[in-house]
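1. Sequence plus predicted model, see below.
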Amino acid sequence: MQSSLRDTIDRQILPLATRFAQDVARVVAAAMWETIASGVNQEMQSLRQTEPPKQLEAAGAKSSAKGRAAPTKAVAKEDAARIARINAAKRRASMKPVACPVPGCKRPGVRNAMNFCAVHKKSLPMPEKKRLRALQIKAAAAA
């Protein structure tokens, strides 16, 4: 008799307990989303309150179609000059002659081929190339 009474009570409690667990999960999920949303809103407000970049504050800056201030011609010229200097430095560095890491080789190396000359670039296996290149780097650091 007790077992049938217990089964009856369990059958009545199970749907109630399931509904309660679903309600708790729904409340927790809603609280989590509210917390995330409030954090995002706070971050957005702090970003809006920060000062715009100095380039955009320059006198004579015009507003673009998206509502942001466009950089002035002076700023654009400075950026173009800086980029031209960087590109020129890269070109000079890429044209500097390098020595092939193979001992005794007098041919010039190619930078994008791990400094190996055209002959050794094709003839040596990759593990040997890596070993020789590591030795060349170590020797250059010691010098």
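-> Everything's here; your move. Numbers count the residues shown, from 1 in each chain.
2. tell me the contacts of the closest residue in space to residue 132 that isn't next to it in sequence?
-> Excluding the flanking residues, the one nearest residue 132 by C-beta to C-beta, 6 or more residues apart in numbering is residue 101, at 4.1 Å. To be clear about C-beta, it is placed using only N, CA and C from the backbone, and glycine gets the same treatment. By C-beta atoms under 8 Å, 6 or more residues apart in numbering, residue 101 lies in contact with 109, 114-116, 120, 129, 132-133, 135-136.
3. which one of these is nearest residue 89?
-> Of all those, the one sitting nearest residue 89 is residue 115; the distance, using C-beta to C-beta, is 19.3 Å.
4. helix/strand/coil for that closest one?
-> Classification of residue 115 using DSSP: H, G, I helix; E, B strand; the rest coil returns coil.
5. how about stretch 34-49: buried residues?
-> Buried residues in stretch 34-49, counted by 16 or more other C-beta atoms under 10 Å: none are found.
6. How far off centre is that stretch?
-> Taking C-alpha atoms, centre = their mean, to the nearest Å, one finds stretch 34-49 lying 23 Å from the centre of the chain it belongs to.
7. Repeat that for stretch 112-124.
-> 32 Å.
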